[in-house]
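Q: sequence first, then the predicted structure:
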Amino acid sequence: MAVACVLFSMMALAVFASSVTQPPVSASVVSFIRVAVNLLVILLPAMVMGKTRMLFGDLGLSLWLRGLFGGISLMLSFGSIQRIGPGESGFLTASSGVFVALLGPWLLGQKSKTIDWLSILGSITGLFFLLQPRPDQADFIGRSMGLLSGFLAALAYLMIARASRTNSTKSIVFYFSLVAVMIHIAWFSILPESMPKTFESWVWALTAGVLGTVAQHFLTRAYQMAPAIMVSSVSYITPVISLFLGFILFDKRPDPEALYGGALILVSGLLLPFISARFRFIG
């Protein structure tokens, strides 16, 4: 998951960079290229080896829902990145850890203890600071998109944990890519978008696609190998890296409220679950 976080941070920077090219590339186009690359990387080798049928796994509902929730979450996340920058958007999207902790006991039967609930409370307080009204309406829309993306991502991650009981990593990633491509095609039928028009914009869009594809593999494996609440807590590394690189490369400076909120989310979401795991190990 730590490897996935680094790759996702770099992907977020590529997404933001695509929005400052001339002409800029829309978030939905970049996210489409991202999932299209992912689908080709999974599908083409399977077709060559004659193992396409294996990608469909058990055809279970969890696989399709993983693709549905993940595809919409990706579009919202990219839109949030382009509106408010990779750092603040990353913390809002990382709220998926809060929702995983809230929903995990009901959907996966993974019990939470008191310290887990303290983590959730601290993260929610951090989200309150991040969502404070700003003068710029685009900021509010971008933050709302980031938070909704986090909720849908949590549902997608929980579906990964459920589907992984009877399906391979390739099958889970395949469904995400396939359903997400279908969602984008439906979106473009309503609101047509233009593909990148310059070499630079294509480079950034394809870079986001490649980095996201590799990161997706590591993320899926992480949710297959460890409890969802622990894996989701590691995901808070992503916005920290994104915030730092966004400031260094694009001079994206978060305001004080965003810094307070991000710090609370980081401490609550990353440190407390590991303290909890330590206590459980000792006990």
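A: Received it, and whenever you're ready, just let me know what you need. None of these values were measured; they are calculated from a predicted model.
Q: check which helix or strand covers the closest residue to Val210 other than its chain neighbours.
A: Once flanking residues are discounted, Val210 sits nearest to Val37: 6.1 Å by Cβ to Cβ, 6 or more residues apart in numbering. All C-beta atoms are positioned from the backbone trio N, CA, C, and that covers glycine. For Val37, the host element (DSSP states H and E) is helix 27-48.
Q: distance between the following helix or strand past that helix and the chain's centre?
A: Sequence-wise, the next helix or strand downstream of helix 27-48 (DSSP H and E) is helix 52-55. On the basis of Cα atoms, centre = their mean, to the nearest Å, helix 52-55 sits 25 Å off its chain's mean C-alpha point.
Q: packing partners for helix 52-55?
A: Counting contacts by 3 or more Cβ pairs under 8 Å, 6 or more residues apart in numbering; DSSP states H and E, helix 52-55 packs against helix 27-48, helix 169-190.
Q: how about the next helix-or-strand element following the last one: buried residues?
A: It stands for helix 169-190. Counting by DSSP H and E, the next helix or strand C-terminal to helix 169-190 is helix 199-225. The neighbour-count check on helix 199-225 (16 or more other Cβ atoms under 10 Å) flags 201-202, 204-224 as buried.
Q: before we move on, back to that, so what's the residue nearest to Val210 scoring on pLDDT?
A: On pLDDT, Val37 comes in at 91.
Q: ok, Arg253 next?
A: Turning to Arg253, the model gives it a pLDDT of 69.
Q: one step back: any chance of the helices and strands packed on helix 52-55 in a markdown table, plus mean neighbour count and distance to Pro196?
A: Compiled in a markdown table, these are given as follows (neighbours: other Cβ atoms under 10 Å; distance: least, Cβ to Cβ, whole Å):
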| stretch | mean neighbour count | distance to Pro196 |
| --- | --- | --- |
| helix 27-48 | 20 | 7 |
| helix 169-190 | 20 | 14 |
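Q: circling back to that earlier point, got the angle for the helix holding Val37 vs helix 169-190?
A: In terms of direction (axes from the mean of the first three to the mean of the last three Cα atoms, to 10 degrees), helix 27-48 departs from helix 169-190 by 140 degrees.
Q: counting contacts, what elements does helix 27-48 pack onto?
A: Using 3+ Cβ pairs under 8 Å, 6+ apart, the elements in contact with helix 27-48 are helix 2-19, helix 52-55, helix 61-84, helix 169-190, helix 199-225.
Q: let's see it at 7 Å
A: With contacts taken as 3 or more Cβ pairs under 7 Å, 6 or more residues apart in numbering; DSSP states H and E, helix 27-48 sits against helix 52-55, helix 61-84, helix 169-190, helix 199-225.
Q: since that was my last question, I'll sign off now.
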